[in-house]
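Generate coordinates for the sequence data below:
(chains A, B, C, D, E and F)
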There are 6 protein chains.
Amino acid sequence: MSDTTRYERGVAKLNEIYGEKGKLLLDSLQDIAPDLGRYVAEFAFGDIHCRPGLDPRSREIATVAALTALGTAGRQLRAHIHAALNVGCTQQEIIEILMQIALYAGFPAALNGIEAAREVFQERSQNK
Amino acid sequence: MSDTTRYERGVAKLNEIYGEKGKLLLDSLQDIAPDLGRYVAEFAFGDIHCRPGLDPRSREIATVAALTALGTAGRQLRAHIHAALNVGCTQQEIIEILMQIALYAGFPAALNGIEAAREVFQERSQNK
Amino acid sequence: MSDTTRYERGVAKLNEIYGEKGKLLLDSLQDIAPDLGRYVAEFAFGDIHCRPGLDPRSREIATVAALTALGTAGRQLRAHIHAALNVGCTQQEIIEILMQIALYAGFPAALNGIEAAREVFQERSQNK
Amino acid sequence: MSDTTRYERGVAKLNEIYGEKGKLLLDSLQDIAPDLGRYVAEFAFGDIHCRPGLDPRSREIATVAALTALGTAGRQLRAHIHAALNVGCTQQEIIEILMQIALYAGFPAALNGIEAAREVFQERSQNK
Amino acid sequence: MSDTTRYERGVAKLNEIYGEKGKLLLDSLQDIAPDLGRYVAEFAFGDIHCRPGLDPRSREIATVAALTALGTAGRQLRAHIHAALNVGCTQQEIIEILMQIALYAGFPAALNGIEAAREVFQERSQNK
Amino acid sequence: MSDTTRYERGVAKLNEIYGEKGKLLLDSLQDIAPDLGRYVAEFAFGDIHCRPGLDPRSREIATVAALTALGTAGRQLRAHIHAALNVGCTQQEIIEILMQIALYAGFPAALNGIEAAREVFQERSQNK
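Next up, the predicted model:
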């Protein structure tokens, strides 16, 4: 597969999962690190997120769980809570995932995840 | 709900998800930190893992993802790869989750997750 | 012990350690994740913080040290610096704990801890 | 204060806290990174651990808590569980500290801390 | 070497690497943790950063990489991106280091590093 | 650029940096996660490590620093200490990088890095 195909496939996946926010991420990197944006599209979304072996909902559950446990990526956590909701998770399922993480990374990680979820839920309710 | 009920419900959940390994964990804590074992049963499994709002397969996907991203809990990661397989994930889905984590916590986290998965898959193939 | 007793005991402990901030935390979770608030009260404070085997001052020293080392939970670190002062640590002891963490988690963790302490000390001096 | 004084004061503190294990650490660095050993003695123990503002027991509680939360330093965690016992903590207090960390860094961190404590307790019971 | 010499040497190194920001850091600690500022000068800069075995550019590459990977020290990361540029790295090299970290600590760590770099590059372009 | 070119370029880079160990890594993934091996070759080494904007020695300094700071990837740290030596770092420079990390991620991270370096140095001295 050529790099162009991978890039286009990745941008399509980004749009499918994130809506407009995907394009905004790539645009924000254009002036300072355009190749990092290209790798996000080609590799992260064109290669990995497009793989057939795991459904998109499970991919986003894994991603939300990992980012909540790490606790160092608030912006990306909010983006992937959006994504998880976009591919079929309910708000209650997001809350359950975050509470599950309290067991494995501690209550502060879960509580910070809840604040991220609160922002995302409010943004979506205002955009309805 | 009384503590006894929570404990019994947690032990039942531990058995359902882990099989015999659940009992081994509790037994191994008996001499040194029995109350920690009790909290694992009562709170982690009796309270959280028994909640109805998220299916067991999704709970284990979240747990495997979180533990792989943290990279500090090899023993628990192997236990939860077993658990994920016990509640319906396929071996290929486990591999997909681990590759997904490469994006969010780096290749070494994913590669170490693969070694954990290799041990689990071999143990299960020998026990068939 | 029934869940009600654990909850009530936990809320009492939260009030004892945090003052009003404990109730604010539970209230803030009421609309989005009330059960997480309940677990914080029942398990974190009703079960663990109420255990007799370690004095409250030592529990808060351990908590401040852990949160400073992790570096991912600024809000909780500030809350537990308040709590440590409430249960008998002096401001100088807090600073000593944070400097101690420089050895084990690096200078940036300690320096960020100092900024958290500065906020807490200022808030308390304004409320006198 | 001269570097010689700091070094000698640090070695004395290392011996006081760790017994023979302190000398073993410095010796083990002699062939590969002697200056790192020197900094451990001069700065970590000669400067920080000798400060008067916090008692040795509280310093070790903070250290055990931080290392358990980080989860990346098993050898150092075992050394500081020894040290905590040497400066006045009881075995039960160590277990309480580790359980406390379950709240802030998750159950796997606490469970791995328990395994470290088990090794230390056994070693000390055999050396009696 | 006496502590005074180490302090003075460290302050000189701080000025050389950071310019005025070094003094600002020490000043900001003066009221709350002056000894931590002293250790930053004496040990971090007077001892380690002054060692002859590694050139300053390589030291800052290592520091930027470590802080980006940890993801918990935004303020220090920005300071060390400044420092790396001050000791000879180009802006493009900074971006390359950050992209390299995507492999070892994940894309969110790299993307957050890019945001830190953006702030630093803008600040420097405004001060020209 | 086609995927085949990226793969071949990545394998050549892996061989250049790691010698035989690169092939061993890819071989070890063949039975369990061959696509992860392919991504390591295509993306990590074919895309990122081949970029012209940063010299290979600086890339390995950044990688050794990041892995030492994370503290969760002993096997990969040893591989990249080998790689750093292969692309022009001296053993003394490796030790300096590890001591530098003590400042930013704590002494235990540095001490564990020293143990990794010891293993690598011994292996290389035996293979001479």
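
Quick one: residues in contact with stretch A:26-39.
Stretch A:26-39 has contacts (C-beta atoms under 8 Å, 6 or more residues apart in numbering or on different chains) with A:7, A:11, A:14, A:25, A:40-41, E:95, E:98-99, E:102, E:110-111, E:114, E:117-118, E:121, F:43, F:47-48, F:51. All C-beta spots, glycine's among them, are computed from the backbone N, C-alpha and C.

Apologies, that question was intended for stretch A:100-107.
Stretch A:100-107 is contacted from outside by A:65, A:68-69, A:71, A:109-110, A:113, B:43-44, B:48-49, B:54, B:59, B:62-63, B:66-67, B:70, B:73, B:76, C:36, C:39-40, C:44, C:70, C:76, D:102-109, using C-beta under 8 Å, 6+ apart.

Please flag which of the residues you listed sit within helices.
Among those, the ones falling in helices (DSSP state H) are A:65, A:68-69, A:109-110, A:113, B:59, B:62-63, B:66-67, B:70, B:76, C:36, C:39, C:70, C:76, D:102-105, D:107-109.

hmm, back to that, among the contacts of stretch A:26-39, name the buried ones.
A:7, A:11, A:14, A:25, A:40-41, E:95, E:98-99, E:102, E:110-111, E:114, E:117-118, E:121, F:43, F:47-48 (16 or more other C-beta atoms under 10 Å in any protein chain shown).

The spatially most central residue of chain A: what's it in contact with?
In chain A, the C-alpha nearest the mean C-alpha coordinate belongs to A:His80, at 2.4 Å (C-alpha atoms, centre = their mean). Going by C-beta under 8 Å, 6+ apart, A:His80 touches A:60, A:63-64, A:67.

State the mean pLDDT of whichever strand or helix holds it.
Element membership for A:His80, per DSSP states H and E: helix A:74-86. For helix A:74-86, the mean pLDDT works out to 97.

buried set for it?
So for helix A:74-86, counting by 16+ other C-beta under 10 Å, buried means A:74, A:76-86.

What is the neighbour count of A:Arg59?
25 (other C-beta atoms under 10 Å in any protein chain shown).

Skipping adjacent residues, who's closest to it in space?
B:Gln100 (5.6 Å; C-beta to C-beta, 6 or more residues apart in numbering or on different chains).

got a pLDDT number for A:Gly46?
97.

quick check, it in a helix?
Yes: looking at A:Gly46 with DSSP: H, G, I helix; E, B strand; the rest coil, it is inside a helix.

is it true that it touches A:Leu14?
No: contact criterion C-beta atoms under 8 Å: A:Gly46 and A:Leu14 do not qualify, at 9.0 Å.

which ones are touching the nearest residue to A:Cys89 once chain neighbours are set aside?
Once flanking residues are discounted, A:Cys89 sits nearest to A:Arg57: 6.1 Å by C-beta to C-beta, 6+ apart. Going by C-beta under 8 Å, 6+ apart, A:Arg57 touches A:84, A:87-89.

Repeat that for A:Lys13.
Contacts of A:Lys13 by C-beta under 8 Å, 6+ apart are A:45-46, A:49-50.

Right, I'll leave it there.
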